[in-house]
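1. structural data only, the sequence is not supplied:
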């Protein structure tokens, strides 16, 4: 498990602008001249902002890591208590049960993969490849999504390929199309009802004119 957290906020841990510049040693690789910025003052300021963005980007990852670990560890403790106690605890902190669940899934995934990039994955991806859904993905596919430059696009491509493979079975395709037909029919009826309500409202308004 990850290192224990120190969640006490102290002023000595707050970084100043100088701290950010000093702690971020990565040199700028952006060609400002190529985009028409040639003033040394502007370039100097932009390089400073580059470092600030990088600093806070790294801190965002660290904070998500600590946040997810704290919720995960709390859930471990509450798992031995009465049902609903963990949910009451998170709601008392202003955290919905769904948000807490995603944080737990994210940290469990991190423990499994040992890759910090997981902390910055969109919630939709975490939901799609964790829990029971994990059984639908091979290990290599999960790694591919984590390491992708555009994880959401990588996941969609993998899901598309899986669906196409499943639909090679005609029975599965027929079942899917029947479900889609029912879904679309219900949507159509709903839209027809809403359209009828709009027309009735317009008719009432015209009578008042």
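-> Nice, I can see it. Everything numeric here is computed off the predicted structure, so don't read it as measured data.

2. list the buried ones in stretch 153-168?
-> Of all the residues in stretch 153-168, those buried under the rule 16 or more other Cβ atoms under 10 Å are 154-155, 158. Heads up, the C-betas are built off the backbone N, CA and C, glycines and all.

3. to clarify, my last question referred to stretch 134-150.
-> By neighbour count on 16+ other Cβ under 10 Å, the buried set for stretch 134-150 is 137, 141-142, 144-146, 148.

4. and stretch 105-117, by the same measure?
-> 105-110.

5. ranges for the helices of this structure?
-> With helices called from DSSP state H, the chain shows them at 17-23, 40-78, 85-92, 97-113, 123-129, 139-147, 151-166, 170-208.

6. one step back: and the buried residues of stretch 105-117 as JSON lines, adding distance to residue 78 and pLDDT?
-> Formatted as JSON lines, the buried residues of stretch 105-117 follow (distance: Cβ to Cβ, whole Å; pLDDT from 0 to 100):
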{"residue": "105", "distance to residue 78": "16", "pLDDT": "95"}
{"residue": "106", "distance to residue 78": "18", "pLDDT": "95"}
{"residue": "107", "distance to residue 78": "15", "pLDDT": "95"}
{"residue": "108", "distance to residue 78": "15", "pLDDT": "94"}
{"residue": "109", "distance to residue 78": "20", "pLDDT": "94"}
{"residue": "110", "distance to residue 78": "20", "pLDDT": "95"}
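
7. nearest to residue 97, of those?
-> Lowest distance from residue 97 to the buried residues of stretch 105-117 (Cβ to Cβ) belongs to residue 105, with 12.5 Å.

8. any idea how far the residue nearest to the spatial centre of the chain is from residue 53?
-> When Cα atoms, centre = their mean is applied to the chain, the residue found nearest the centroid is residue 122 (2.0 Å). Distance, residue 122 to residue 53, using Cβ to Cβ, to the nearest Å: 20 Å.

9. and residue 192, by the same measure?
-> Residue 192 is 50 Å from residue 53, by Cβ to Cβ.

10. what of residue 106?
-> 23 Å.

11. let's test this: name the helix or strand in the chain with the lowest mean pLDDT.
-> For the chain, using mean pLDDT, DSSP states H and E, the weakest element among its helices and strands is helix 17-23, scoring a mean of 52.

12. just to revisit the earlier point, need the buried residues of stretch 105-117 in a markdown table (columns: distance to residue 32).
-> Formatted as a markdown table, the buried residues of stretch 105-117 follow (distance: Cβ to Cβ, whole Å):
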| residue | distance to residue 32 |
| --- | --- |
| 105 | 41 |
| 106 | 37 |
| 107 | 39 |
| 108 | 43 |
| 109 | 38 |
| 110 | 37 |
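
13. identify the farthest-apart pair in the residues you listed.
-> Pairwise distances among the buried residues of stretch 105-117 were taken by Cβ to Cβ; the largest, 9.7 Å, belongs to 105 and 110.
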